[in-house]
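> quick check, what structure comes out for this input:
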Amino acid sequence: MKTRAVYNWLLNIQSKRCMLCLASADTGRELCHACHLDLPWLGPHCRVCALPLPNEGQLCGQCQTSPPGFARVIAPFRYAFPLDSLIPAFKYHQQFAFGRLMAELLAEAIAAEYDDAGPVECLVPLPLHHRRQARRGFNQATELARPIAGALGLPLLPKALQRVKASESQLGLAAADRRRNLHDAFRCPAAPLIEGRHVALLDDVVTTGATVRAASRTLLEAGAREVSVWCVARTP
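Residues are numbered from 1 along each chain as shown. Below is the predicted model:
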C-alpha cells in the first residue's frame, strides 16, 4: 500500500503541466519556472496607483493633481501577454483554473509586500451589478478573493459593497466619461463590518482607476479607516 501511495504521488507530480507551455510544472503551481520569469512583471510604477512609469518611487500626474482616496494599489503584473488572454478566458469563458493560478500569484505578491496581510483587516471584492453577475454566472473578483482571504487569514466580506447602478461598459470611455459613468454606482449596506478598519478592495484589473476610486470613496464614506486596492494586473 505504501509503495502504491508513493507511486501515485510521483505520478501526480509528473502529470502537472504548465498552463502556458505544457512543460513540466516545477514552481509548486501549474506554471514552469521559465514561464514564471517571462510573466509581465509590473516593474517601476506610481507609488500610489501602480501606473507603470519609467522610474521607481515616482508619483504619476493624476495622483499628484487628484489624489485617489485609496492608500495604494498592489499589482504584481502589467496587463500584457499572456495575462491579457488568461484574464478574459477566466472572466468570460469560466476558465477557473486560470483564476486559481492568478489568485496564487497575487497572494504571493501581497504577502511579500505586507509580511502576510499586514495592516489590512478585511477583504472586499469589487462587486458586479446583479444583472451583469446573473449573465456571467459569477463575480471574478469574488472568485479571486476567496483563496486569497484563506491564504492570508482575512475575513472575506463579499456583501459589504454593492454595485447599484448598471452603468455602461467602461471600455473605450475617456477618463472624464468613466467618472460620470460611475457616479453613485456603489453603496455600502454593511457599514458596521468595515467601520474603522483597513479594507483591501480586490479586482482583477485596474485600468484608469476610475472604478476603484469610486468604490474606495464609498467605503471611506461608510467609515473605513483606510482602503488599499489589490489586483492582478495594471494597464500601462
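
> take stretch 16-23, keep the C-alpha atoms, and write them as CSV.
C-alpha atoms of stretch 16-23 as CSV (Å, rounded to 0.1, in the frame of the first residue of the first chain):
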residue,chain,number,x,y,z
LYS,A,16,1.3,18.6,-13.5
ARG,A,17,1.9,20.7,-16.6
CYS,A,18,2.5,24.4,-17.1
MET,A,19,-0.7,26.1,-18.1
LEU,A,20,1.2,28.3,-20.6
CYS,A,21,3.6,26.0,-22.4
LEU,A,22,2.6,22.5,-21.2
ALA,A,23,6.1,21.8,-19.9
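
> give the rounded mean pLDDT of it.
Stretch 16-23 shows a mean pLDDT of 91.

> centre of the chain to it, how far?
Relative to the centre of its chain, stretch 16-23 is centred 23 Å away, using C-alpha atoms, centre = their mean, to the nearest Å.

> ditto for stretch 53-63
Offset of stretch 53-63 from its chain centre (C-alpha atoms, centre = their mean): 21 Å.

> over to stretch 158-166?
Stretch 158-166 sits 17 Å away from the centroid of its parent chain (C-alpha atoms, centre = their mean).

> which positions within it qualify as buried?
Within stretch 158-166, the residues scored as buried using 16 or more other C-beta atoms under 10 Å are 160-163. All C-beta atoms are positioned from the backbone trio N, CA, C, and that covers glycine.

> let's have those residues in JSON lines, adding distance to V229 and secondary structure.
Shown next, in JSON lines, are the buried residues of stretch 158-166 (distance: C-beta to C-beta, whole Å; DSSP: H, G, I helix; E, B strand; the rest coil):
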{"residue": "A160", "distance to V229": "15", "secondary structure": "coil"}
{"residue": "L161", "distance to V229": "13", "secondary structure": "coil"}
{"residue": "Q162", "distance to V229": "18", "secondary structure": "strand"}
{"residue": "R163", "distance to V229": "16", "secondary structure": "strand"}
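
> what's the helix or strand for L86?
L86 belongs to helix 83-93 when assigned by DSSP states H and E.

> and the longest helix along the chain with helix 83-93, angle?
The longest helix of the chain (DSSP state H) is helix 96-114. With axes from the mean of the first three to the mean of the last three C-alpha atoms, to 10 degrees defining the directions, helix 96-114 sits at 130 degrees from helix 83-93.

> can I see the domain layout of this structure?
Domain ranges of the chain: 1-38, 40-234, per automatic domain parsing.

> low pLDDT regions in the protein?
By pLDDT under 70, the weakly predicted segments of the chain are 1-15, 115-118, 167-180.

> just the helices in it please.
Under DSSP H, the chain gives helices at 2-15, 33-38, 61-65, 83-93, 96-114, 130-136, 140-152, 175-181, 191-194, 210-221.

> buried residues in the fifth one?
If I follow you right, that is helix 96-114. Applying 16+ other C-beta under 10 Å to helix 96-114 flags 98-107, 109-110, 114 as buried.

> pick out the most distant pair among the residues you listed.
F98 and Y114 (24.6 Å; C-beta to C-beta).

> quick one: contacts for the residue nearest to P68 when sequence neighbours are not counted?
If the residues on either side of it in the chain are set aside, P68 comes closest to R213, at 4.9 Å by C-beta to C-beta, 6 or more residues apart in numbering. By C-beta atoms under 8 Å, 6 or more residues apart in numbering, the contact list for R213 reads 68-70, 179, 182.

> measure R213 to L219 for me?
Distance of R213 to L219, given as C-beta to C-beta, to the nearest Å: 11 Å.

> Q95 now?
For Q95 relative to L219 (C-beta to C-beta), the value is 30 Å.
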